[in-house]
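> sequence first, predicted model second:
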Amino acid sequence: MRGGGRRISPLLAGLSAAIVVVGLLLIVILAHPFGGTGTSFPVAEASASGSSNATLTAEPAGTPATSGAASSPVTAVGTPLPTSGPTSTASTPGPTPVGEIAIRGTWSSPAAGATFDTWTLNLAARPILTAPSTVVSEVTFNVAWKNGRTTACRAEHAGSTGAWACTADLVQLDVPPGPLALSFDIADASGIVTQGAGDDLGVTYEAVPPKPADPKLTTVSDSPSTGGNSSTLVERVTWSLPAGYATKVRLYAVLFCPNDAPKAKDGTPCLTEHTSLPASKLKLVAEADGDANSLTIRHTVKAGLCGPTLWCSGDVYALVLAAYNEYGHSVFTIVTSTNICHSCTF
């Protein structure tokens, strides 16, 4: 060693070179395991085609991950999954949606534009089922007029002809005479009701009023005159009628005793029901408006015996009422009648 310098021994220099060569070999082995060919392992399947350069498509949220096999399809975001058949969820019956007609029907009776003069009306309709499984449970008929509407009647089963029918009592329902509009609703077994299942039907109700019911004659007052040879008798006649039927109610005096005959039994009323009354034997006593239910009459009655007539008139044997409208008049109803008495002294 000269000039104070240090020399590296030949042995150490050879060992260092060996270490460098081993390090380089390790680097080559780690970069190429098992002597591979240089092809890297895939990190995911690209698509059903297996193409290594295809773009991966994300699944919709909540969709289970696929196994990564090449045969598994990839579904695009937002595309609904196809179904293989109908769902198993049972539908629950409910009201018919607005504007949807579940069951239709046609009128069997009456005819469109019909005119009738009876107080009862036969109504009938035939349902038209849109599905063979539909079961009709009831048909409800309705009637409407200028100022009102009501249920006319209900049919709960079909007749032998297949029509559902019932009869409406228009007097009992307070349906007045005039133009009427008829309709019907159909209910099925599940409770769904199709309102207005058929076309509205226009008819005309031209009935005379029913006879006034519950007629009564009561004395309001009986006032003797100053001289005592007469009295002023005030009486009230009352009755009942359904609203809207009558325009006038008239009280008539019957000017004969229809049941009087030589062999007629004493105590027999002069006038009984179903007796014919000729117009020439009737005299108008008073008149009231159709919506009234009473009227008052006043008479002067002479004192003393005056015979078997009302008010000592000499010719009035009974009082009757009749209701009138534009279509005619009712049957007369008896308010009061005198009795036959051949053996009586007046």
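Yep, it's here.
> which residue ranges make up the domains of the chain?
Per automatic domain parsing, the domain ranges recorded for the chain read 103-205, 213-337.
> how about CSV for the ones you listed, with mean neighbour count added?
All C-beta atoms are positioned from the backbone trio N, CA, C, and that covers glycine. As requested, the domains of the chain are exported to CSV (neighbours: other Cβ atoms under 10 Å):
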stretch, mean neighbour count
domain 103-205, 16
domain 213-337, 15
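> can I get those in JSON lines with mean pLDDT?
Output for the domains of the chain, formatted as JSON lines (pLDDT from 0 to 100):
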{"stretch": "domain 103-205", "mean pLDDT": "95"}
{"stretch": "domain 213-337", "mean pLDDT": "94"}
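> to residue 344, which of the ones you listed lies closest?
Closest to residue 344 of the domains of the chain, according to Cβ to Cβ: domain 213-337, at 6.7 Å.
> burial check on residue 208, number of neighbours?
20 (other Cβ atoms under 10 Å).
> let's have the domains of the chain in JSON lines, adding distance to residue 343.
Below are the domains of the chain laid out as JSON lines (distance: least, Cβ to Cβ, whole Å):
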{"stretch": "domain 103-205", "distance to residue 343": "44"}
{"stretch": "domain 213-337", "distance to residue 343": "6"}
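> wouldn't residue 252 be in contact with residue 333 here?
No - with contacts defined as Cβ atoms under 8 Å, residue 252 does not count as touching residue 333, sitting 10.8 Å away.
> which residues do these two both contact?
When contacts are counted by Cβ atoms under 8 Å, 6 or more residues apart in numbering, residue 252 and residue 333 are jointly contacted by 320-322.
> so which of those sit within strands?
Counting by DSSP state E, the shared contacts of residue 252 and residue 333 place 320-322 in strands.
> so what would you say the end-to-end distance of stretch 209-217 is?
21 Å (Cα to Cα, to the nearest Å).
> mind listing what the nearest residue to residue 232 once chain neighbours are set aside touches?
Sequence neighbours aside, residue 223 is the residue nearest to residue 232 in space, at 4.8 Å (criterion: Cβ to Cβ, 6 or more residues apart in numbering). Contact partners of residue 223, counting by Cβ under 8 Å, 6+ apart, are 231-232, 234.
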